[in-house]
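Participant: sequence and predicted structure, then a few things I'm wondering about:
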Amino acid sequence: MDSSSSLPVTSASSSKSDRRSKSKNLHNTSKSSVIMAFLSCLAWLYIAGRLWQDAETRMLLANLLKKNSGQRPKVLTVEDKLMVLGCKDLERRIVEAEMELTLAKSQGYLRKQPQESGTSSGKKLLAVIGVYTGFGGRLRRNIIRGSWMSKADDLAKLEERGIVVRFVIGRSANRGDSLDRNIDEENHAMKDFLILDHHEEDQEELPKKAKFFFSTAVQMWDADFYVKVDDNIDLKLDGLIELLQSRQGQDSAYIGCMKSGEVVTEEGRPWYEPEWWKFGDQKSYFRHAAGSIFVLSKNLARYININRQGLFIGLRRMTVLSAAVAVTRTYEYECFPGNVTVDQLPTGEKVMNKTVWKVIVGNKCSCAFEEVKLFCAGFQSIKTINSSVISKSENLCLVNDGLPIYPNTEVSFTYAWSRKIALVPFSLQEYCS
């Protein structure tokens, strides 16, 4: 009886334990489900964020591709390489040069007839001689007027012989200033100037002076020859006239020195040539007119006048006389006083607080020169000058004591003074071996 009464108790206890176990399992299951759901949400948020980010990136890339579709590709093409090398800019300059050439060809005839003849009778002239001068060259002009160039009263007589001589000068950068007024006053008194109104008289503009001079002279005078002369030489006028008379009838004659040289392409270096690209791969100047004196026949001077819009001038060299007259040009290898060079360089020394200058007198000619005299007004020597090198008499300095200065040689001396003295060849005699 006792055993039968204990059986139901055992069964109830067992059921209660099972319910507790099931409840615990359900609690664990729901907890795991919540954790899994939370992790799933995190994963979903991460994936959604990445997809959104990728969509934005794709949108941005699509916009960039659309925007750059009309621009150059990322791959470096031949055009890109030319752009990097500067060839595109060079091509633009070539096109501009071709346009200038076309303009020059379109103006292929003289726009003006000669405005005045060389003489009152209107007869044709033998030569027009232009003496290059500057604003500070009045002293040298007076020396020339007192030597080979006739004074104002005698210019008419010289023109009767068929020779017109004028000092050639441009205008000041500040038009109408004291420099221009001084030249106008001197011209009014002496009547021996050819003033180039469209040319600026400046060291940087000096290369263009030849173009303006020949073009203006052709329009003003009808002559067989046009001569450019520097104001630092003593010209033998009778000898020049005799030479030109012997050359009359030559259609395309050039008399004078010609040379070439390297073109400086690096900006900032002395003698930098801004238009270096016009000289080709060799980067050297064409053979061109050079020296203190040279002569052009009428045809060549007219060529300059006709094509002045397309001609370019480099440094101190007139480059129009090479390819332009390659077939018909003639040469005269003669020595002129301009072949004597005078260079003054500061030595870095000081004597009595005065700069010491080293003067180098050189002979670039194939002939020897003797009696080389330099104009040296105001020359004051503080350092002793070797009398065997240079001696002074009034305003002239005799170099090398009258001994010859042979080709490709130099004679040097030093003097001390507070400023650079104008030492220019004044008088010399030459002889060729």
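Facilitator: Ah, there it is. Bear in mind the structure is a predicted one, so any value in this text is a computation, not a measurement.

Participant: okay, now the closest residue to residue 199 other than its chain neighbours: neighbour count?
Facilitator: The shortest distance from residue 199 to any non-neighbouring residue, by Cβ to Cβ, 6 or more residues apart in numbering, is to residue 170 (3.5 Å). C-beta coordinates here come from the backbone N, C-alpha and C atoms, glycine included. Residue 170 has 23 neighbours, counted by other Cβ atoms under 10 Å.

Participant: again with residue 398
Facilitator: Residue 398 has 19 neighbouring residues, counting by other Cβ under 10 Å.

Participant: show me the beta-bridge partners of it.
Facilitator: Per DSSP bridges, the residues bridged to residue 398 are residue 373, residue 391.

Participant: I figured it hits residue 371, correct?
Facilitator: Yes - using Cβ atoms under 8 Å, residue 398 is in contact with residue 371, at 7.4 Å.

Participant: in the stretch 151-300 of the chain, which spans are helices?
Facilitator: All helices of the stretch 151-300 of the chain, identified by DSSP state H, counting those that start in this stretch, fall at 152-160, 178-190, 209-220, 237-246, 298-306.

Participant: other SSEs contacting the helix or strand following the last one?
Facilitator: Beyond helix 298-306 on the C-terminal side, the first helix or strand identified by DSSP states H and E is strand 340-351. Where contact means 3 or more Cβ pairs under 8 Å, 6 or more residues apart in numbering; DSSP states H and E, strand 340-351 is packed against strand 354-363, strand 368-375, strand 410-417, strand 424-431.

Participant: at 7 Å what do you get?
Facilitator: Strand 340-351 is packed against strand 354-363, strand 368-375, strand 424-431, with contacts defined by 3 or more Cβ pairs under 7 Å, 6 or more residues apart in numbering; DSSP states H and E.

Participant: break this protein into its domains for me.
Facilitator: Domain segmentation of the chain under automatic domain parsing yields 80-109, 125-325, 337-431.

Participant: ok, which of those domains comes nearest residue 37?
Facilitator: Among these, domain 80-109 comes nearest to residue 37, with 57.7 Å by Cβ to Cβ.

Participant: pLDDT of the closest one, averaged?
Facilitator: Domain 80-109 shows a mean pLDDT of 70.

Participant: for stretch 386-401, same thing?
Facilitator: Mean pLDDT, stretch 386-401: 76.

Participant: what's the span of that stretch, first residue to last?
Facilitator: 10 Å (Cα to Cα, to the nearest Å).

Participant: residues contacting that stretch, please?
Facilitator: If you take Cβ atoms under 7 Å, 6 or more residues apart in numbering as the criterion, stretch 386-401 is touched by 361, 372, 373, 374, 375, 376, 377, 379, 411, 413, 426.

Participant: so what's the gap between stretch 245-258 and the chain middle?
Facilitator: Computed by Cα atoms, centre = their mean, to the nearest Å, the chain-centroid distance of stretch 245-258 equals 29 Å.

Participant: tell me which residues of that stretch are tucked away?
Facilitator: Neighbour counts using 16 or more other Cβ atoms under 10 Å place 247, 250, 252, 253, 254, 255, 256, 257, 258 of stretch 245-258 among the buried residues.

Participant: export these to CSV and tack on distance to residue 285 and pLDDT?
Facilitator: Shown next, in CSV, are the buried residues of stretch 245-258 (distance: Cβ to Cβ, whole Å; pLDDT from 0 to 100):
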residue, distance to residue 285, pLDDT
247, 26, 85
250, 25, 78
252, 21, 76
253, 22, 81
254, 16, 83
255, 20, 83
256, 16, 79
257, 14, 76
258, 10, 70
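
Participant: quick one: residue 302 and residue 218 touch, right?
Facilitator: Yes - here residue 302 reaches residue 218: they are 5.5 Å apart, a contact under Cβ atoms under 7 Å.

Participant: the spatially most central residue of the chain and residue 305, how far apart?
Facilitator: Using Cα atoms, centre = their mean, the residue of the chain that lies closest to the mean C-alpha position is residue 273, 3.4 Å off. From residue 273 across to residue 305, the span is 25 Å (Cβ to Cβ, to the nearest Å).
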